[in-house]
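Q: next come a sequence and a model predicted from it.
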Amino acid sequence: MEPGFKQENSSEKDAPRQNLAISAYRQLKHDIIRGLYAPEQKLLMGRLKEHYGASTGPLREALSQLVADRLVVAISQRGYRVAPMSLAELNDIYDARAQLEGLILRLAIERGGDDWEATVLATAHRLAKVTDINTPDDLLDIWDQRHKAFHTAIASGCNSPHLLQMRNTLFDQVERYRHLWLQETVMSPQALELKRQEHAALVDVILARDTAEADSLMRDHLMTPVPIITRVLKERGIN
């Protein structure tokens, strides 16, 4: 179930509408993250209805959830706009994510067992093989999916549902910025090789249970995109 879409008291009659709201939420979120809508662009209900094939009710539910995700801003009596982007938010979100990921990583190294290690190794192997994919669009999507799976596998060892939920929330908020970095670098063979080396080094220190070194490598790894995203935002006039 998507966050914010609760079904506890829903009747079967409500299910189709709720499914439409979830579908609209997923599509809108994807399009905002991918930059189809510019920061602060007004989201006109008529155009949204035409583009996503949904009625006003499900779209309002989807937009309300995107407000909670901080991807959309509600304007009193005036509808909705895409949330703004800024260098201050970029730096704050990335720092918060790196701090939280460090805590989760330390707990994962402390608590993770053999099955956790096996999952980390398996997801790292799948990520390293993504260079075998030749289509540019597939490369972007598949690398991103496998990269998320790799980091999620590492985090899962912390065995804390609450920390993992906080992590998911921060990841959602960083996604729009992170996609700017993906567009700039992930298609480059040099960038892919650099990331492969970073991931391999991370796996080595994690399996060695070297908490201090793993924490340091993870922070450096997570903060790598910030200078590139900063440049892109400045080029677009975002300060």
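A: Alright, I've got the coordinates. Numbers count the residues shown, from 1 in each chain.

Q: pull out the buried residues from stretch 93-110.
A: 93-94, 97-98, 100-102, 104-109 (16 or more other C-beta atoms under 10 Å). (C-beta placed from N, C-alpha, C; glycine too.)

Q: please read the previous query as pertaining to stretch 121-133.
A: Buried, per 16+ other C-beta under 10 Å, within stretch 121-133: 123-124, 127-128, 130.

Q: chain center to it, what's the gap?
A: Put simply, stretch 121-133 sits 19 Å off its chain's centre (C-alpha atoms, centre = their mean, to the nearest Å).

Q: what does it contact?
A: Contact with stretch 121-133 is made by 139, 142-143, 146-147, 149-150, 152-153, 189, 192, 196, 199-200, 203, 207, as judged by C-beta atoms under 8 Å, 6 or more residues apart in numbering.

Q: skipping adjacent residues, who's closest to Leu63 in space?
A: Tyr80 (5.0 Å; C-beta to C-beta, 6 or more residues apart in numbering).

Q: and the helix or strand harbouring the one you found, what does it pack against?
A: Tyr80 is part of strand 79-82 when elements are defined by DSSP states H and E. Here strand 79-82 touches strand 42-43, strand 72-75, going by 3 or more C-beta pairs under 8 Å, 6 or more residues apart in numbering; DSSP states H and E.

Q: please repeat the previous calculation with a cut-off of 10 Å.
A: Applying 3 or more C-beta pairs under 10 Å, 6 or more residues apart in numbering; DSSP states H and E, one finds that strand 79-82 contacts helix 15-33, strand 42-43, helix 45-52, helix 56-68, strand 72-75.

Q: nearest to Thr211, out of the ones you listed?
A: Among the helices and strands packed on strand 79-82, helix 15-33 comes nearest to Thr211, with 32.4 Å by C-beta to C-beta.

Q: any low-confidence regions in the protein?
A: Counting by pLDDT under 70, the ranges of the chain that qualify are 1-17, 132-137, 186-187.

Q: outline the domain layout of it.
A: Per the TED database, the structural domains of the chain span 11-82, 87-236.

Q: that older thread, any idea which of the contacts of stretch 121-133 is closest to Thr119?
A: Within those, proximity to Thr119 (C-beta to C-beta) peaks at Ala153, which comes in at 4.6 Å.

Q: shouldn't the closest one be in contact with Ile104?
A: No: using C-beta atoms under 10 Å, Ala153 makes no contact with Ile104, being 11.8 Å away.

Q: stretch 35-46: how far from the chain's middle?
A: Mean-position distance between stretch 35-46 and its chain equals 20 Å (C-alpha atoms, centre = their mean).

Q: helices of this structure, start to end?
A: Using DSSP state H, the helices found in the chain span residues 15-33, 45-52, 56-68, 87-111, 114-128, 136-156, 161-185, 189-207, 211-223, 225-235.

Q: dump those to CSV, plus distance to Ala74.
A: Putting those into CSV (distance: least, C-beta to C-beta, whole Å) gives the following:
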stretch, distance to Ala74
helix 15-33, 14
helix 45-52, 13
helix 56-68, 5
helix 87-111, 18
helix 114-128, 38
helix 136-156, 29
helix 161-185, 17
helix 189-207, 37
helix 211-223, 31
helix 225-235, 24
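
Q: closest to Ile75 out of these?
A: helix 56-68 (10.4 Å).

Q: ok, residues contacting the closest one?
A: 2-5, 16-29, 32, 43, 45-46, 48-49, 52, 54, 71-74, 79-80, 82-83, 169, 172 (C-beta atoms under 10 Å, 6 or more residues apart in numbering).

Q: just want the angle from it to helix 45-52.
A: Put simply, helix 56-68 runs at 100 degrees to helix 45-52, going by axes from the mean of the first three to the mean of the last three C-alpha atoms, to 10 degrees.

Q: in helix 56-68, what's buried?
A: Those would be 58-66, for helix 56-68 by 16+ other C-beta under 10 Å.

Q: many thanks, have a good one.
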